[in-house]
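K.L.:
just coords:
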């Protein structure tokens, strides 16, 4: 775990080129999703022992907070005024709207989400792919049939004997390797890797803060671990990126490396506070993971409620 070690822009670009070359999704228009084979899904199903399902999403936030200036909107549209009649048939109806890529609500990023040097993942010119009507390629449509595979939770605060990592802390590749060893498993090709930094627990115990400027996440060099192991999807209980950024001149280096270079769908702002204690108690940190984005044609992401099935 580091709080400094900033990469220069030249070092970041060198890391970007290296990961683009070795990551399994680096040259694939579906990205790393194709590392999850049907055989791996069947193997992941065999991870289920009790049949217990645990949500990995946080409740949707509808209040303005220090970390959410644009909260989701939810209102009852019928019956009028919220007052049902005492006779006859009526239906309660509501309307919901969300800024998908905010700093509180659980969501999945599509491969069209990150524009770097004018291109999307795979070198597709962003100007050709993105229009006011949405993304013509690499949208969340790629996950229309859901993402199902072996989920692996690496609990970094547990590794260091703390409740959470303080904002600004960087998870390193060494942290990931040590967490593997401590938890008795190995991350492999096609896995859905979930990295806990304790963001949600800190928010729930201390209250929200300006996460745009201060949050724990992965150091950009930790992405080499994911590329070498052939990880299919990365999820975190924060933004996955540290703030302040660990790469000079690049505000979201992990997003650039994961989505743009490696073709990894990212899950941001999940919640592991129900799952982690179960994993610790049972001594097993892998499970069947089911991720079902909404079918939003041409969208850059989606609200999501992933499930761990133990």
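P.N.:
Sure, I can see it. The structure displayed is predicted, hence computed values, not measured ones.
K.L.:
who touches the closest residue to residue 222 other than its chain neighbours in this structure?
P.N.:
Nearest residue to residue 222, sequence neighbours excluded (C-beta to C-beta, 6 or more residues apart in numbering): residue 173, at 4.6 Å. Backbone N, C-alpha and C define where each C-beta goes, glycine included. Residues in contact with residue 173 (C-beta atoms under 8 Å, 6 or more residues apart in numbering) are 219, 221, 222, 224, 225.
K.L.:
Tell me the one of the residues you listed nearest residue 125?
P.N.:
Minimum distance to residue 125 across the contacts of residue 173 is 27.7 Å, recorded for residue 224 (C-beta to C-beta).
K.L.:
helix/strand/coil for the closest one?
P.N.:
Classification of residue 224 by DSSP: H, G, I helix; E, B strand; the rest coil places it in helix.
K.L.:
what's the neighbour count on it?
P.N.:
Neighbours of residue 224 under the rule other C-beta atoms under 10 Å: 16.
K.L.:
Hmm, it is touching residue 23, no?
P.N.:
No: if you go by C-beta atoms under 8 Å, residue 224 and residue 23 don't touch, sitting 9.6 Å apart.
K.L.:
residues contacting the closest residue to residue 100 other than its chain neighbours?
P.N.:
Residue nearest to residue 100 in three dimensions, not counting chain neighbours: residue 301, with 4.6 Å by C-beta to C-beta, 6+ apart. By C-beta under 8 Å, 6+ apart, the contact set of residue 301 is 100, 101, 107, 108, 109, 110, 113, 140, 293.
K.L.:
Bridged to residue 301, which residues?
P.N.:
Judged by DSSP bridges, the bridge partners of residue 301 are residue 109.
K.L.:
Check it and give its pLDDT.
P.N.:
Note on residue 301: pLDDT of 97.
K.L.:
Use 4 as the first number for this chain going forward.
P.N.:
Right, with 4 as the first residue, what we last looked at is residue 304.
K.L.:
Tell me which stretches of the stretch 54-203 of the chain form strands.
P.N.:
56-58, 76-81, 96-100, 110-112, 133-134, 137-138, 150-158, 173-174, 195-199 (DSSP state E, counting those that start in this stretch).
K.L.:
Residues contacting the fifth one, please?
P.N.:
Here strand 133-134 makes contact (C-beta under 8 Å, 6+ apart) with 115, 118, 139.
K.L.:
Which parts of this structure are helices?
P.N.:
Assigned by DSSP state H, the helices in the chain fall at 12-25, 41-48, 129-132, 159-163, 176-186, 202-209, 226-232, 256-258, 278-285.
K.L.:
mind checking which of these is nearest residue 84?
P.N.:
helix 202-209 (33.8 Å).
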